[in-house]
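J.: Only the shape, not the letters, is given here:
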């Protein structure tokens, strides 16, 4: 998760990288749900360290899901691309 969430990875224009982030977080959240079930029903004890890691995993999942995907366009709709639009004289 650290490698795919570095600033360099977020700036890279790789369409598959968002899917890798999302797939790894879905697996992480599924594992968190399994661990919470095990804590509550099998062990009958709550680990505070584990709970903090679970919270961080779920927050990271929410941030990745709600983050805007980069399209690689480079310019916004308000800015014309170089060489287009009106020229000044």
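T.: Sure, I can see it. All values reported here derive from a predicted model rather than from experimental measurement. Numbering: from 1, shown residues only.

J.: got the contact list for the closest residue to residue 32 other than its chain neighbours?
T.: Counting by C-beta to C-beta, 6 or more residues apart in numbering, residue 32 lies nearest to residue 54, which is 4.7 Å off, once chain neighbours are set aside. To be clear about C-beta, it is placed using only N, CA and C from the backbone, and glycine gets the same treatment. Going by C-beta atoms under 8 Å, 6 or more residues apart in numbering, residue 54 touches 32, 35-36.

J.: How about residue 60?
T.: Residue 60 touches 1, 5, 25, 28, counting by C-beta under 8 Å, 6+ apart.

J.: Going along the chain from the helix or strand bottoming out on mean pLDDT in the chain, find the next helix or strand for me.
T.: Ranked by mean pLDDT, DSSP states H and E, the helix or strand of the chain with the weakest confidence is helix 7-11, at a mean of 87. Later in the chain than helix 7-11, the nearest helix or strand by DSSP states H and E is helix 15-37.
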